[in-house]
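[1] Here's my sequence, what's the structure:
(chains A and B)
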There are 2 protein chains.
Amino acid sequence: MSFLRTLDQAVKTNHSSLCVGLDVDLSQLPAKYLSSDDPILTFNMAVIEATADLVCAYKPNAAFYEMYGLYGISSLIRTIDYIHTRTKVPVILDAKRGDVGHSSAAYAKAAFDSFKADAVTVNPYMGHDSVKPFLDYRDKGVFVLCLTSNAGSKDFESAGGQEPLYLSVAKHVKEWNHYGNCGLVVGATKPEELKEITKITGDLPVLIPGVGAQGGSLEAAVRDGGKRPIINASRSIIYAADPKAEAKKLRDEINKWRK
Amino acid sequence: MSFLRTLDQAVKTNHSSLCVGLDVDLSQLPAKYLSSDDPILTFNMAVIEATADLVCAYKPNAAFYEMYGLYGISSLIRTIDYIHTRTKVPVILDAKRGDVGHSSAAYAKAAFDSFKADAVTVNPYMGHDSVKPFLDYRDKGVFVLCLTSNAGSKDFESAGGQEPLYLSVAKHVKEWNHYGNCGLVVGATKPEELKEITKITGDLPVLIPGVGAQGGSLEAAVRDGGKRPIINASRSIIYAADPKAEAKKLRDEINKWRK
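    Take a look at the predicted model:
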């Protein structure tokens, strides 16, 4: 089943447009996890158990696993495997990859064949042939960075004279969507621009980080996030005293604005 | 010792501005390697043995290791370790990473602390706070993508109205160079633009891929690559019948143009 259908199904079954970011930092884990064989996996399993019927996607960020070397990457692979075994929720590997064609092909193979992700985030800087090898996996989702939630987005993403770079990227992604497997990443901290972008990209799924710890407006993210907004929250849910309650609260709040 | 000093030392000792890209694809390996316990490492060791006194840097591309999952990443770590044990040549991890601040900090930790690279390539799309966590490792090198050698570089890198994106990136990188640890990546297939860029960035090291298999002009790369051109060749050397002879030939050709 294609990523888009898996996503739509999870949205429907779980009445949810909430994506939980699995960005585990060992230094933030409650002490009880640290004594297990694989603390990251054990912690993720608890989060997944608590939220599996409340989310439309999980988004592990590769950076937080790579920083622990082989051990962390093994936890990433086992986490994705656990999600596939335990749930029908798709996995978006937040990896922000991109390189010349044959290297991007290797990254796509890594994300989809080795790590078994259902979708991946990619960086558009190097242009169409750096994204194409990901798109060639027709059943997988490819979320292209468009306008991010950080301060540095002003340096290049929002710059570029008459047409800011993020709009050019949105237009290109619309064109690259031959197989219907493209999506975009747009930060919740930029509501006006989000509206502008989704006017161009219509029903493409938009992954929207920045509503939790980063403080973006949830209402705007849901209202202007196009037909398939995917609202991501990471730290505000996984480190909550009660992740299930926190996820349910955020899911319901999203649903309130969706109506 | 800082990356820049290690680099300058290797340039001097080996009379070389040649960087060898270790982008190993198992399907390209001679059969004799495939029966070893770790074919990628064994192949890399042979290339390193053959070229250690002919290069100023090695550049493994993370994509080619990640595509083999844990096994490949283990080979990457062991390869970098072997280079440090066997040679005084610095390792540039070609990873093209970049993310919001705390995630980039995790990627920097991965590249420098877990994988033990001396330098890393990063993607500037998300702006200054996505690059800063790498720069904060003052003794490490940070090569920022500027203008790449692929066809897709026209989509965004060379676009942007009055000031193309790659020039804006070059100017920003010049500003980000507080600790003297920045470099740039500029493809050899763009000689005119390379000249324009190095006019801005002066003595910053410029990693220049695209002279081997991709066919960029070596003369222009050396002549217009600033004071510290690092000429990268990957497949044309590592898969040559005689990598030592091929590396020596290219190193000497570079030195001819440097005079």
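[2] What's the end-to-end length of stretch A:134-143?
    One end of stretch A:134-143 sits 10 Å from the other (CA to CA, to the nearest Å).
[3] how far does that stretch sit from the chain's center?
    14 Å (CA atoms, centre = their mean, to the nearest Å).
[4] can you check stretch A:115-122 too?
    Remark: stretch A:115-122 is offset 9 Å from the chain centroid, using CA atoms, centre = their mean.
[5] go on, stretch A:225-240?
    Relative to the chain's own centre, stretch A:225-240 is displaced by 9 Å; criterion: CA atoms, centre = their mean.
[6] Tell me the span between the first and last residue of that stretch.
    Using CA to CA, the two ends of stretch A:225-240 sit 26 Å apart.
[7] Now do the buried residues in that stretch.
    A:225-226, A:228-240 (16 or more other CB atoms under 10 Å in any protein chain shown). (Each C-beta comes from the backbone N, C-alpha and C, glycine too.)
[8] quick one, phi/psi of the residue nearest to residue A:217 when sequence neighbours are not counted?
    The shortest distance from residue A:217 to any non-neighbouring residue, by CB to CB, 6 or more residues apart in numbering or on different chains, is to residue A:191 (5.7 Å). Reported as degrees, to the nearest 10, the phi and psi values for residue A:191 are phi -60, psi -40.
[9] Quick check: the gap between residue A:191 and residue B:68.
    42 Å (CB to CB, to the nearest Å).
[10] For the longest helix anywhere in chain A, buried residues please.
    Identified as the longest helix of chain A according to DSSP state H is helix A:69-86. In terms of neighbour count (16+ other CB under 10 Å), helix A:69-86 has its buried residues at A:69-70, A:72-80, A:82-83.
[11] Burial check on the closest residue to residue A:258 other than its chain neighbours, number of neighbours?
    Distance criterion CB to CB, 6+ apart; nearest residue to residue A:258, sequence neighbours excluded, is residue A:222 at 5.6 Å. By the criterion of other CB atoms under 10 Å in any protein chain shown, residue A:222 has 21 neighbours.
[12] Contact partners for residue A:222?
    Residue A:222 sits next to A:17, A:229, A:231, A:254, A:257, A:258 when contact means CB atoms under 8 Å, 6 or more residues apart in numbering or on different chains.
[13] how far out from the middle of the chain is whichever strand or helix holds it?
    Here residue A:222 sits within helix A:218-224, counting by DSSP states H and E. Centroid separation for helix A:218-224 versus its chain: 17 Å, with CA atoms, centre = their mean.
[14] So which bits of that helix are buried?
    Here helix A:218-224 shows A:218, A:220, A:221, A:222, A:224 as buried, counting by 16+ other CB under 10 Å.
[15] what would those look like in a markdown table with distance to residue A:200 and pLDDT?
    What follows is the buried residues of helix A:218-224, written out as a markdown table (distance: CB to CB, whole Å; pLDDT from 0 to 100):
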| residue | distance to residue A:200 | pLDDT |
| --- | --- | --- |
| A:218 | 22 | 92 |
| A:220 | 17 | 91 |
| A:221 | 17 | 93 |
| A:222 | 18 | 94 |
| A:224 | 12 | 94 |
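[16] picking up where we left off before, settle it for me: which of residue A:191 and residue B:68 has more neighbours?
    residue B:68 (22 against 18).
[17] pLDDT at that one, what is it?
    On the pLDDT scale, residue B:68 is placed at 97.
[18] Verify the contact between it and residue B:62 for me.
    No: applying CB atoms under 8 Å as the test, residue B:68 and residue B:62 come out as separate, 11.5 Å apart.
[19] okay, and the common contacts of those two?
    Taking CB under 8 Å, 6+ apart as the contact rule, residue B:68 and residue B:62 touch no residue in common.
[20] tell me what the helix or strand where residue A:46 lies is packed against?
    With secondary structure defined by DSSP H and E, residue A:46 is part of helix A:39-51. Where contact means 3 or more CB pairs under 8 Å, 6 or more residues apart in numbering or on different chains; DSSP states H and E, helix A:39-51 is packed against strand A:18-22, helix A:31-34, helix A:69-86, helix A:235-238, helix A:243-258.
[21] at 10 Å instead, please
    strand A:18-22, helix A:31-34, strand A:57-60, helix A:69-86, helix A:235-238, helix A:243-258 (3 or more CB pairs under 10 Å, 6 or more residues apart in numbering or on different chains; DSSP states H and E).
[22] among those, which is nearest residue A:183?
    strand A:57-60 (10.6 Å; CB to CB).
[23] My guess is residue A:208 contacts residue A:17. True?
    Yes: shown here, residue A:208 and residue A:17 form a contact pair, counting by CB atoms under 10 Å, at 9.1 Å.
[24] residues shared between the contacts of the two?
    Counting by CB atoms under 10 Å, 6 or more residues apart in numbering or on different chains, the residues touching both residue A:208 and residue A:17 are A:221, A:222, A:225, A:229, A:230, A:231, A:232.
[25] Using PDB, write out the CA atom coordinates for stretch A:165-176.
    What follows is stretch A:165-176, C-alpha atoms only, in PDB (Å, rounded to 0.1, in the frame of the first residue of the first chain):
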ATOM      1  CA  LEU A 165      13.100  30.500  -2.400                       C
ATOM      2  CA  TYR A 166      10.400  28.700  -0.500                       C
ATOM      3  CA  LEU A 167       7.800  29.600  -3.100                       C
ATOM      4  CA  SER A 168      10.100  28.500  -5.900                       C
ATOM      5  CA  VAL A 169      10.500  25.200  -4.000                       C
ATOM      6  CA  ALA A 170       6.800  24.800  -3.500                       C
ATOM      7  CA  LYS A 171       6.200  25.300  -7.300                       C
ATOM      8  CA  HIS A 172       8.900  22.800  -8.200                       C
ATOM      9  CA  VAL A 173       7.600  20.200  -5.800                       C
ATOM     10  CA  LYS A 174       4.200  20.600  -7.400                       C
ATOM     11  CA  GLU A 175       5.800  19.700 -10.700                       C
ATOM     12  CA  TRP A 176       7.900  16.800  -9.300                       C
END
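[26] Next one: that stretch, is it in contact with chain B?
    Yes: Stretch A:165-176 comes into contact with chain B (CB under 10 Å from any CB of the partner chain), by way of A:165, A:166, A:168, A:169, A:172, A:176.
[27] Can you give the distance of stretch A:78-90 from its chain's centre?
    That offset, for stretch A:78-90, works out to 15 Å (CA atoms, centre = their mean).
[28] should've said stretch A:101-120
    Distance, stretch centre to chain centre, for stretch A:101-120: 15 Å (CA atoms, centre = their mean).
[29] Point out where chain A drops to low pLDDT.
    Applying pLDDT under 70 to chain A flags residues A:212-214.
[30] Return the list of helices and strands in contact with the longest helix of chain A.
    Judged by 3+ CB pairs under 10 Å, 6+ apart, helix A:69-86 is in contact with strand A:18-22, helix A:39-51, strand A:57-60, helix A:62-66, helix B:69-86.
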